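Novice: the sequence and its predicted three-dimensional model are supplied below.
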Amino acid sequence: MSDAISTFAGLVLATALGLLVVGRFNLISVAFIPVFVGLGVDFAIQFSVRFRGELIACADVKTALVATGGAIGHALALAATAITAAFFAFLPTHYVGASELGLIAGMGMMIALLVTITFLPALLLILAHPVGPLANYGLPALASLDRYIARHRRVVLAIGGVAGATSLAFLPLLQFDFNPLHLKDTKTESVSTLMELMSDADRSPNTIDVLASSLPRADDVAERLSRLPQVRRTVTLASFIPGQQAEKIELISDAAQLLDLTLNPPHTAAPPTDTEVVQSLKQTATGLRRAAARSTSSAANDALGLAGVLDELAAPSTSVLRARATETLIAPLGALLNRFRVMLHPTPITVETLPTDIVDDWIAKDGRARVQVFPAGDSNDNETLRRFASAVRTIVPDATGTPIAMREAARVVVDAFIQAGLLSFLVVVGLLALALRRVRDVMMALTPILLSWLLTLVSCILVGRPLNFANIIALPLLFGVGVAFSIYFVVAWRAGATALLSSNLARAVVCSSLTTAVSFSGLCFSSHPGTASIGELLMISLAWTLVTVLLFEPALLGPPPRVANPMRR
């Protein structure tokens, strides 16, 4: 309970500080909330579990709190500082969302540390009660695994090395899904309707636009692009002007002469009277029933239903209804006949005679003309769009449009996270070097993190879950959790701790992982594909982080450098 209260209090403070500094949250920076919860609760659990162990040993709350601060304070401070520095490394990136996420999350980590070492101890002082002597508060069930890893260090390290090398070889197969439609729930009406419309190649929104200096130049560009196998068709303003107009007008004129007497008779009969209409309705209803009696198909039922409607219209009391039916049926028919009359007397179509709305869509005020290019194949397939955009830009480098915008957005996002990741790694290396002062210790703290990342990414390849605009924001959380866990083990090992897997530290790491897993497991079952992908990536990464920290890290560390001051478990 105290851990949850402490984490919630820190979240409120971090949110307030983020709004004060940044002013508002965007779709990316709002991800600081799960980042803070995941790492903030880890700090609290590490402190509380250690405090519980100290309380069992000394049976005095104040003494246990002092001992806990002295034992774990350095590790918490180092982990929080390293994670904060890693998040601040996102600030120089050009991706505003990632930059603001780094700023807010970095400040949040400092708040989480301050709350853990101030508010949480005060809360424990009020809520905690001395306990009697108990058995080891760590994970004694893992003592046999401790001994196995100690005896077979080389085997465990070899397995880790092979897994890392294999994962590294598979990394080129990792993909980034840059199509935002793939993050939508296809069961929603709007998305399903859009997907249905996109099945028609002529209605695809994934088109590319090219701006030429003039209409003749646009037609020339369109003709060159239409030769590409990745292009289905091209459209310019000239596409609205039909070809062979003279021949077509001549054929229509011939048809007009043949239909002229039909559409424009010299004499027309007077409109029927209401009595004549009633008589016609009754005769038609009788004929429909007679025809239905000679058939057993479903059309017979339709004929009987129509006969019933006509009988209702023919009733003496429905004269108003007959008038409305006449207006509903005859007026549109007259409009259609008038339209036919106009269509049978066409005039040549030129750019000057096209509707202004159409011209304005395709010709700018300065005379520049637009070319619209449609992709060949499935316009919702990433590889199709990638080939389409690349082929068009080989001819027109400055082309724009949805496929190009999506690819460029993906490039900016990926480049930003790569840049921030490399900078974060360098900053963490520098900070650990200053704190640990031994290259070997720094490498042992970072190697499990790198291995868990490689295993996470290759798992994404194997399960067919590419990175996307949604789940990529989970990477900072994964990095922070890995850094924190690894630092805890290295600091404890440097203090002379042995049997790490059966210690209080391992218990805290497992509890923290399970808490984070429970918090985010619900995301996996979301109907929203983007949200579900975040949950899936988090669960995969947490699993590999536990494996590398609990199995690979102890084997990597080996016997402690000194045992004169062993860490109590």
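Specialist: Right, received. Where do you want to start? Numbers count the residues shown, from 1 in each chain.
Novice: output the contacting helices and strands for the longest helix along the chain.
Specialist: For the chain, the helix that runs over the most residues, judged by DSSP state H, is helix 402-436. Applying 3 or more C-beta pairs under 8 Å, 6 or more residues apart in numbering; DSSP states H and E, one finds that helix 402-436 contacts helix 61-88, helix 96-114, strand 176-177, strand 208-212, helix 382-395, helix 439-462, helix 474-494. Glycine gets a C-beta too; all of them are placed from N, C-alpha and C.
Novice: list the contacts for the residue nearest to Ala410 when sequence neighbours are not counted?
Specialist: Nearest in space to Ala410, with sequence neighbours left out and distances taken as C-beta to C-beta, 6 or more residues apart in numbering, is Phe178 at 3.4 Å. Shown in contact with Phe178 (C-beta atoms under 8 Å, 6 or more residues apart in numbering): 382, 406-407, 409-410, 468-469.
Novice: dump the residues you listed into CSV; add distance to Ala517, pLDDT and neighbour count as well.
Specialist: Supplementary listing: the contacts of Phe178 in CSV, determined by distance: C-beta to C-beta, whole Å; pLDDT from 0 to 100; neighbours: other C-beta atoms under 10 Å:
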residue, distance to Ala517, pLDDT, neighbour count
Asn382, 30, 83, 19
Met406, 32, 86, 21
Arg407, 34, 83, 19
Ala409, 31, 81, 14
Ala410, 29, 81, 20
Asn468, 21, 83, 23
Phe469, 24, 77, 22
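Novice: dump those residues to TSV, plus distance to Ala433.
Specialist: Listed next are the contacts of Phe178 as TSV, based on distance: C-beta to C-beta, whole Å:
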residue	distance to Ala433
Asn382	41
Met406	40
Arg407	38
Ala409	36
Ala410	34
Asn468	35
Phe469	34
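Novice: quick one: pLDDT of Gly305?
Specialist: We have a pLDDT of 90 for Gly305.
Novice: buried residues in the helix or strand encompassing it?
Specialist: Using DSSP states H and E, Gly305 sits in helix 298-314. Neighbour counts over helix 298-314 (16 or more other C-beta atoms under 10 Å) mark 300, 303, 307, 310-311, 313-314 as buried.
Novice: touching, Ile395 and Glu223? I think so.
Specialist: No: Ile395 is not in contact with Glu223 according to C-beta atoms under 8 Å; the separation is 10.9 Å.
Novice: okay, the two: which has more neighbours?
Specialist: Ile395 (15 against 12; other C-beta atoms under 10 Å).
Novice: who's in contact with the more buried one?
Specialist: Ile395 sits next to 221, 224-225, 228 when contact means C-beta under 8 Å, 6+ apart.
Novice: export those residues to TSV and tack on distance to Arg153 and pLDDT?
Specialist: TSV is the format used below for the contacts of Ile395 (distance: C-beta to C-beta, whole Å; pLDDT from 0 to 100):
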residue	distance to Arg153	pLDDT
Val221	66	93
Arg224	65	93
Leu225	62	94
Leu228	58	93
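Novice: pull the most distant pair out of those.
Specialist: Farthest-apart pair in the contacts of Ile395 is Val221 and Leu228; separation 11.7 Å (C-beta to C-beta).
Novice: so the two - more neighbours on which side?
Specialist: Using other C-beta under 10 Å as the criterion, Val221 and Leu228 rank with Val221 on top: 22 against 18.
Novice: may I see the buried residues of the longest helix of the chain?
Specialist: Applying a neighbour-count criterion of 16+ other C-beta under 10 Å, the buried positions in helix 402-436 are 402-404, 406-407, 410, 413, 416-417, 419-421, 423-425, 427-429, 431-432, 435-436.
Novice: secondary structure element for Gln372?
Specialist: Element membership of Gln372 [criterion: DSSP H and E] is strand 369-375.
Novice: that strand to strand 208-212, inter-axis angle?
Specialist: Orientation note: strand 369-375 sits at an angle of 150 degrees relative to strand 208-212 (axes from the mean of the first three to the mean of the last three C-alpha atoms, to 10 degrees).
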